[in-house]
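J.: Fold the following and give me the result.
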Amino acid sequence: MSGHSKWATTKHRKGAKDSARAKVFAKLIRQVEVAAREGGGDAATNASLRTMFQKAREASVPIDTIERAIKRGTGELEGVRYESISYEGYAPGGVAVIIETLTDNRNRTSAEIKHLLSKNGGTIAEPGAVSWQFDRKGLIDVQGPIDEDQLLEWVLEAGGENFSANGANFIVTTEPHDLGSVRDALEGYGVKVLSAELTLVPQNVIAVEEESEAKKILRLMDAIDDHDDVQNVYANFDIADEVLAAFEG
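T.: Residues are numbered from 1 along each chain as shown. As a prediction, this is how the structure comes out:
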């Protein structure tokens, strides 16, 4: 996995330590609303909603909170209408960054994202300048230990692409439209699925070996990720394990 995935793991641990559940809940609820608005409120026929429902439950969002979000998305309850906007830019060291947001005020969010980039050593880029460096994929985190030959057989039978080791666990890669069916198939084989989500995977990564450079990049990533409208942040850096360890204490 790339350094971005290791950064995401670090962020997850940091969030748990900081008790930032309210912010996590708010972002997940917003994603549920949008999924319901765009594809309907039935998770059985709306794959995006099914994925977001599962993701929210994995984060311990109460079911009644999720159900209210679905009703706001379908119009059964009154709610704010969110717009999906992506921004492209660069972090220090030429690292490519894609920022996905859901906002009810395009002008405000645009100004704030540009300010965060500028303030933390980054720059905004024109649409398309960065996105070509990433591929949209489905990633399924499954719990080990599992016999690798058996897992490969199951992954291919389910329609997945491949898998890689992630510590004691494994990350299964799929095409975006196959994420739900591969997840369901793996669970049918008795595999413990820890999470499943659509993500952007960099085609190539920039190695970051200096602690000072890593600090600048992580500071920018943290600042962007903490913005209320930001749902996902993707980047193509790969920080050396020994350098990243200094930020995990």
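
J.: how about Glu157, secondary structure?
T.: Here Glu157 is helix, with the state taken from DSSP: H, G, I helix; E, B strand; the rest coil.

J.: Begin at 865, not 1, for the rest of this chat.
T.: Okay, using 865 as the starting number, the last item reads as Glu1021.

J.: so it makes contact with Val1046?
T.: No: using Cβ atoms under 8 Å, Glu1021 makes no contact with Val1046, being 9.7 Å away. C-beta here means a position set from N, CA and C on the backbone, and glycine is covered the same way.

J.: the more surrounded of these two?
T.: Applying other Cβ atoms under 10 Å to Glu1021 and Val1046 shows that Val1046 carries more neighbours, namely 24 against 12.

J.: who are the neighbours in contact with that one?
T.: Gly1002, Ile1004, Val1019, Ala1022, Gly1023, Gly1024, Val1036, Thr1038 (Cβ atoms under 8 Å, 6 or more residues apart in numbering).

J.: Quick check: closest non-adjacent residue to the fifth one.
T.: Nearest residue to Gly1023, sequence neighbours excluded (Cβ to Cβ, 6 or more residues apart in numbering): Asp1042, at 4.9 Å.

J.: Need the nearest residue in space to Ile949, chain neighbours excluded.
T.: Thr965 (5.2 Å).

J.: and Lys978, how many neighbours?
T.: By other Cβ under 10 Å, the residues close to Lys978 number 15.

J.: Can you list phi and psi of it for me?
T.: Backbone torsions for Lys978, taken as degrees, to the nearest 10, come to phi -60, psi -40.
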